[in-house]
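Undergrad: Here's my sequence, what's the structure:
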Amino acid sequence: MTDTGDHAFGLNAVGLDDRMRLFGFITSPERHDYLWVLRAIDLARANYQVVLSTEAVAQALDALAERGGDCPRSGEVDLAARLDALDDWGVLDRTQDAARAATLAEYRRRHSVYQFTEAGHRAFTAVESVLGAKMEETSLSRTVFADLLEDLKELASANRGGDGETVLRRFRRIDASLNDVTEQAARFYAMLGDLTRTTEVDAAIFQTHKDALINHLRDFHGELQRYSPLLREAAAAVEETGVDRLVETAAEHDDRPFATLTDRLADWRRRWEGVKAWLAPPSAELGSEVDRLSHATFNAISDITGMVRQLADARRGGVSRESQLRHLAAWFVNAPSMEAAHALFDVVFDLGGPLHVNRPYEEPEIHATSASWWDTDAVELSKTLLEKGRRTGGRDTRGAKVRRDEATRLRLHERQIEDVRKDRESALSMADQARDGFAGAVLDERQLGLLLDLIDRAVSERRGPLRHTVSAVSNGIRLSLTPADGDTVVSSKSGTLRLAGLALAVERVKSR
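TA: Here you go, the predicted structure:
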């Protein structure tokens, strides 16, 4: 066995911030336009049109609009701006393809084509899965346990006989089956938790489906109890054939081109440890995932049964959360005055002024009630009342007073003023040094920090690629960034900053 390196092709070098920027289109004010544009590109991708021009995206968008729904037509969307923004977020990849030009004019100007990036398509499908999720699709599969038992037996036989292809195929099926069971169970029990906690459940619908739901849980729990010992024995039989041999065989026949042998060995060993922890308990105290799943199923049956009993009691007594809220709403409507409605609100929802603000002063004649807080002395508060929100001991008992370190507060305030003064002096000095450009200027650490902060403020205001001048003002100077053919190089004591394709200018702001 040979290894080809530790980090093949560097495909995992995409940073966390870059991955989170992939979801920028769902928080934009034009998120509906972005979603439909991506749906149009994904529709074309499903028809094996991977690379699309702007005109092809417009045609796909119009085809979606003709099917009905809320899809806008291409003429209603600033398609070029939307595609450029998606490229900036990393969802799409834009390239230039002059070969697609049909005329000389098209050849002379840029001809942009777009396609999904791998990470961008994953982000889009994740959003679509959330938007298209339906509660009725959530269920527990009890037939998977028989398939798991068969796969474990075949895996032990193949590992014993040295059949590498069968080892890899069965190992993959076992890993995929357990992942599906775990995901389905997590979704199903989360749905049951929301169902039992919500106050918006329709009693008639719940009564109609409660028997099927309880039977579904009982059947799944029964199959889980029946197959649990058999699955543990089968997992133990696989381990008897040699875990090291199993992992090495699976890694050798794994055909992933971008994973090194070391990575594949570690991956398959981790997967087997997960299979073992799922089927067999790592210790008597911890228990296995099968045991936890059985316990969760039993608790779910108890919760559903309790909810059925609660609904039955509400029907017999005629009192439910809905009827209580209706009576409360009637009280508010029939309140004789606005003051009475406010008093009712405070009593029902147990609201009142916070104690540290509403606490009366012991000698009210010292400070008039109309005096501003800025013009009066600080009121001494109980330390327990301030930290815990309650009094100590009896009604008239006062806790320890809060110590106010005025000297420290004054020292921090003076330090803050001094930092502001130094920042302004450094910023003005940097503007003087860069009056004719940054060619001969060498910035210190404070000036470099101020420059980077201004650059961050300036570029954060852009929408899509930088095509025009952006600027930011702070500490008496203005920074401007303008697209240019050349680069700007800024030297500092900490290193060199290169701004590719940008012209940088810093100048003093004239005081009015």
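Undergrad: so the closest residue to residue 49 other than its chain neighbours is in which element?
TA: Nearest residue to residue 49 in three dimensions, chain neighbours excluded: residue 56, at 6.9 Å (C-beta to C-beta, 6 or more residues apart in numbering). C-beta: built from backbone N, CA, C; applies to glycine. Per DSSP states H and E, residue 56 falls inside helix 54-66.
Undergrad: The helix or strand that that helix is followed by: how far from the chain's middle?
TA: Sequence order places helix 79-89 as the next helix or strand after helix 54-66, per DSSP H and E. Remark: helix 79-89 is offset 22 Å from the chain centroid, using C-alpha atoms, centre = their mean, to the nearest Å.
Undergrad: name the helices or strands packed onto helix 79-89?
TA: helix 31-46, helix 54-66, strand 92-96, strand 112-116 (3 or more C-beta pairs under 8 Å, 6 or more residues apart in numbering; DSSP states H and E).
Undergrad: so for that helix, what's the average pLDDT?
TA: Mean per-residue pLDDT for helix 79-89: 86.
Undergrad: Need the per-residue pLDDT for the residue nearest to residue 49.
TA: Turning to residue 56, the model gives it a pLDDT of 86.
Undergrad: could the helices and strands packed on helix 79-89 go into JSON lines alongside mean neighbour count?
TA: Compiled in JSON lines, the helices and strands packed on helix 79-89 are given as follows (neighbours: other C-beta atoms under 10 Å):
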{"stretch": "helix 31-46", "mean neighbour count": "19"}
{"stretch": "helix 54-66", "mean neighbour count": "18"}
{"stretch": "strand 92-96", "mean neighbour count": "15"}
{"stretch": "strand 112-116", "mean neighbour count": "19"}
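Undergrad: nearest to residue 417, of these?
TA: Closest approach to residue 417 among these (C-beta to C-beta): helix 31-46, 43.5 Å.
Undergrad: Mind listing residues that contact the closest one?
TA: For helix 31-46, contacts defined as C-beta atoms under 8 Å, 6 or more residues apart in numbering pick out 25-26, 28, 52, 56-57, 60-61, 63-64, 70-72, 77, 79, 82-83, 85-86, 91-92, 114-116, 121, 124, 127-128.
Undergrad: How many neighbouring residues does residue 187 have?
TA: Residues near residue 187, counting by other C-beta atoms under 10 Å, number 16.
Undergrad: Report the secondary structure state of residue 480.
TA: strand (DSSP: H, G, I helix; E, B strand; the rest coil).
Undergrad: Any chance you could list what contacts the host helix or strand of residue 330?
TA: Using DSSP H and E, residue 330 falls within helix 321-333. Helix 321-333 is contacted from outside by 199, 341, 344, 345, 348, using C-beta under 8 Å, 6+ apart.
Undergrad: Check which element follows it along the chain.
TA: The helix or strand immediately downstream of helix 321-333 is helix 338-349, counting by DSSP H and E.
Undergrad: I'd like the average pLDDT over that following helix.
TA: What helix 338-349 shows for mean pLDDT is 82.
Undergrad: Need the CA coordinates for that helix. PDB is fine.
TA: The C-alpha trace of helix 338-349 is given here as PDB (Å, rounded to 0.1, in the frame of the first residue of the first chain):
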ATOM      1  CA  MET A 338     -57.700  51.600  28.900                       C
ATOM      2  CA  GLU A 339     -56.300  51.600  32.500                       C
ATOM      3  CA  ALA A 340     -58.400  48.500  33.300                       C
ATOM      4  CA  ALA A 341     -57.200  46.700  30.200                       C
ATOM      5  CA  HIS A 342     -53.600  47.500  31.200                       C
ATOM      6  CA  ALA A 343     -54.200  46.200  34.700                       C
ATOM      7  CA  LEU A 344     -55.800  43.000  33.300                       C
ATOM      8  CA  PHE A 345     -52.700  42.500  31.000                       C
ATOM      9  CA  ASP A 346     -50.300  42.900  33.900                       C
ATOM     10  CA  VAL A 347     -52.200  40.400  36.100                       C
ATOM     11  CA  VAL A 348     -52.700  37.700  33.400                       C
ATOM     12  CA  PHE A 349     -49.100  37.800  32.100                       C
END
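Undergrad: Give me the helices and strands touching it, please.
TA: Secondary-structure packing of helix 338-349 (3+ C-beta pairs under 8 Å, 6+ apart): helix 321-333.
Undergrad: quick one: low-confidence parts of the stretch 101-250 of the chain?
TA: Along the stretch 101-250 of the chain, the parts satisfying pLDDT under 70 run over 101-111, 133-142, 192-209.
Undergrad: Would you map the helices across it?
TA: Under the criterion DSSP state H, counting those that start in this stretch, the stretch 101-250 of the chain contains helices at 104-108, 118-131, 144-161, 164-197, 203-240, 243-253.
Undergrad: picking up where we left off before, take the helices and strands packed on helix 79-89 and write them to a markdown table, including distance to residue 492.
TA: Formatted as a markdown table, the helices and strands packed on helix 79-89 follow (distance: least, C-beta to C-beta, whole Å):
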| stretch | distance to residue 492 |
| --- | --- |
| helix 31-46 | 39 |
| helix 54-66 | 41 |
| strand 92-96 | 33 |
| strand 112-116 | 36 |
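Undergrad: Which one, of these, ends up nearest to residue 445?
TA: In terms of C-beta to C-beta, the element of the helices and strands packed on helix 79-89 nearest to residue 445 is strand 92-96, at 37.2 Å.
Undergrad: With just CA atoms, put the closest one into CSV.
TA: In CSV, the C-alpha atoms belonging to strand 92-96 read as follows (Å, rounded to 0.1, in the frame of the first residue of the first chain):
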residue,chain,number,x,y,z
LEU,A,92,-22.2,30.4,-9.2
ASP,A,93,-19.0,30.4,-11.1
ARG,A,94,-18.6,32.9,-13.9
THR,A,95,-16.3,32.4,-16.9
GLN,A,96,-15.8,34.1,-20.3
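Undergrad: Quick one: list the elements packing against it.
TA: If you count contacts as 3+ C-beta pairs under 8 Å, 6+ apart, strand 92-96 packs onto helix 79-89, strand 112-116.
Undergrad: please redo it, this time with the cut-off set to 10 Å
TA: On a contact count with 3 or more C-beta pairs under 10 Å, 6 or more residues apart in numbering; DSSP states H and E, strand 92-96 meets helix 31-46, helix 79-89, strand 112-116, helix 118-131.
Undergrad: Redo those as TSV? Include distance to residue 475.
TA: TSV is the format used below for the helices and strands packed on strand 92-96 (distance: least, C-beta to C-beta, whole Å):
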stretch	distance to residue 475
helix 31-46	36
helix 79-89	29
strand 112-116	40
helix 118-131	38
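Undergrad: To residue 17, which of these lies closest?
TA: Among the helices and strands packed on strand 92-96, the nearest to residue 17 by C-beta to C-beta is helix 79-89 (11.6 Å).
Undergrad: relative to helix 118-131, how tilted is the closest one?
TA: On the basis of axes from the mean of the first three to the mean of the last three C-alpha atoms, to 10 degrees, helix 79-89 is oriented at 110 degrees to helix 118-131.
Undergrad: Residue 121 contacts residue 90, doesn't it?
TA: No - counting by C-beta atoms under 10 Å, residue 121 does not reach residue 90; the two are 11.1 Å apart.
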